[in-house]
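Asks: need a 3D model of the following:
(2 chains, ligands or ions: 1)
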Amino acid sequence: MNLDSKKFRELLESIQLVYGYDFTDYAEASITRRVTHFMSVRKIESLDELARIVLKDEKIFEELVQEISVTVTEVFRDPSFYKSLRENVTKRLATYPFIKIWIAGCATGEEVYSIAILFKEEELLNRSIIYATDINQKSLQIAKEGVYSIDNMKNYTSNYQKTGGKKSFSEYYKAKYNSVLFDKSLKQNIVFSPHNLAVDKSFNEFQLIICRNVLIYFNQQLQNKAIHLFYESLCPFGFLGLGSKESLLFSDKKKQFEEVDRKEKIFIKST
Amino acid sequence: MDPGKKYEAIVVGTSAGGLYALSNILTELPAEYPLPIMVVQHRSKDKKELLEDILQHKCKIKIKQADEKEKIEKGCVYIAPPDYHLLIETDLTFSLSSDQYVSYSRPSIDVLFESAAAAYKDTLIGIILTGANNDGAAGISAIKQYNGLTIAQSPEEALFPFMPNAAIATKMVTHIWTLSEIQNFLLALDKNGKT
Ligand SMILES: C[S@@+](CC[C@H](N)C(=O)[O-])C[C@H]1O[C@@H](n2cnc3c(N)ncnc32)[C@H](O)[C@@H]1O
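Replies: Model prediction:
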């Protein structure tokens, strides 16, 4: 199915008016693909038909958000990123009496528990607070519960070990039937809440912001806007961690950051 | 084939046995080749830039991993990074995505081909080489629907014939060629991308 790009844009603009979700500056190829998939699964034949259904029925709109929001994630995804955090970031954060962390686009929370584990091991968790946000309410609900399938634990354990973790990974969760539940002590300092990088403002000042594999879904303009938001939300010498394929290259704020680890895309706000 | 027709980009998809096939069709291409070439080779997620290094060693044309939002230039072979889908935007830049696997693959050939077809329309050439699954078949159909040119490696020659066979089964493949025929065709495109 080939979507007419003018009509597609009109639909995204109507969605913005009706629901306040702004998808107009998402990378077009990706979002078109998601929407086409949504339409073919539901046997919706045209953009007009899609517009009629989605703008009338909030439930269907939420399902569309679900489709557009790519929730793929992992515990300790890209272990070398976490290893670098251990080696290059946590020691410097230890000088703060209180540490505020923002994980933007946290999806179903695996990344949030990874950070909690890492900060616990570095003995920083008890004086940290982690704000974990996403636009996807359903994902946030899953994140809050912290219950995941046991099938992935082998992979996650191996990821954990690659980050330089010295403990037995099973100390951090309880297994029950086919699920695992992350330990309560990890959850104490986490606040899950909705936040939309495309429309919402800064809500605090942070020592560390992590936003991985979210910017790739945005066009350059929206990427730049998000980087501005991160810049404003970081304290002086605060750290920013992006996904392994993301960069500040196209942002006009790039000169206000320095690279801490070029390969792992970890930056520090320098001016 | 349309003699004199102008092409603007080439996409190539391959899986098992792909390295050999790719180096065969790419080695002779000159550094200032008139079109960009985008490649999905199914690969495991740990092997960082090995594939790019090996190919570069054998080729004159520049080989690099495609970067997020990078502008597509001619005279370069862009390889999809491990563990991300590679998409082409209509402004001829790349987007990456970590969506679910498509046709059991990430990067997926279908994802690249379908987005490339929408961006380049009838000026796109799509090539399916050796491989052991059917990723790419839907992509070949998409290219053909936009009146692009579609090519599959001859299954008799392919180390793993399943992937070219799946593409051919869509009845959307224009040419079934051996590697040396594909290479000759690519070399024959003139500096304006004309056949
Ligand atoms: C591929 S996941 C990344 C999950 C995790 N950060 C990781 O790297 O594994 C992308 C997430 O970005 C979220 N997202 C998309 N657009 C967003 C926006 N405008 N504001 C906040 N989050 C957004 C999606 O809902 C999804 O959960």
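Asks: show me chain A divided up by domain.
Replies: Using automatic domain parsing, the domain parsing of chain A gives A:5-69, A:79-269.
Asks: dump those to a markdown table, plus mean neighbour count and distance to residue B:141.
Replies: In short, each C-beta sits where N, CA and C put it, glycine included. Output for the domains of chain A, formatted as a markdown table (neighbours: other Cβ atoms under 10 Å in any protein chain shown; distance: least, Cβ to Cβ, whole Å):
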| stretch | mean neighbour count | distance to residue B:141 |
| --- | --- | --- |
| domain A:5-69 | 17 | 14 |
| domain A:79-269 | 18 | 26 |
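Asks: quick one: closest of those domains to chain B.
Replies: For chain B, the closest of those is domain A:5-69, at 3.9 Å, according to Cβ to the nearest Cβ.
Asks: all the strands of the stretch 51-200 of chain A, residue numbers only.
Replies: Remark: strands assigned in the stretch 51-200 of chain A by DSSP state E, counting those that start in this stretch are A:99-104, A:128-134, A:147-149, A:173-176, A:179-182, A:190-194.
Asks: just send those back as JSON lines, with distance to chain B too.
Replies: Listed next are those as JSON lines, based on distance: least, Cβ to the nearest Cβ, whole Å:
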{"stretch": "strand A:99-104", "distance to chain B": "16"}
{"stretch": "strand A:128-134", "distance to chain B": "15"}
{"stretch": "strand A:147-149", "distance to chain B": "15"}
{"stretch": "strand A:173-176", "distance to chain B": "24"}
{"stretch": "strand A:179-182", "distance to chain B": "21"}
{"stretch": "strand A:190-194", "distance to chain B": "21"}
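Asks: and the residue of chain B closest to the ligand?
Replies: Residue nearest to the ligand within chain B: residue B:98 (4.9 Å; Cβ to the nearest ligand atom).
Asks: then the lowest-mean-pLDDT helix or strand in chain B to PDB, C-alphas only?
Replies: None of the helices or strands of chain B scores lower by mean pLDDT, DSSP states H and E than helix B:50-58, at a mean of 93. C-alpha atoms of helix B:50-58 as PDB (Å, rounded to 0.1, in the frame of the first residue of the first chain):
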ATOM      1  CA  LEU B  50      34.000  -6.600  10.100                       C
ATOM      2  CA  LEU B  51      31.800  -7.000   7.000                       C
ATOM      3  CA  GLU B  52      32.500  -3.400   5.900                       C
ATOM      4  CA  ASP B  53      36.300  -3.900   6.400                       C
ATOM      5  CA  ILE B  54      36.400  -7.200   4.500                       C
ATOM      6  CA  LEU B  55      34.500  -5.700   1.600                       C
ATOM      7  CA  GLN B  56      36.500  -2.500   1.500                       C
ATOM      8  CA  HIS B  57      39.600  -4.600   1.300                       C
ATOM      9  CA  LYS B  58      38.300  -6.100  -1.900                       C
END
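Asks: show the contacting residues for residue B:35.
Replies: Contacts were defined as Cβ atoms under 8 Å, 6 or more residues apart in numbering or on different chains; by that measure residue B:35 touches B:7, B:8, B:9, B:10, B:74, B:189, B:193.
Asks: no wait, residue A:45
Replies: Residue A:45 makes contacts with residue A:39, as judged by Cβ under 8 Å, 6+ apart.
Asks: gap between it and the ligand?
Replies: According to Cβ to the nearest ligand atom, to the nearest Å, residue A:45 and the ligand sit 27 Å apart.
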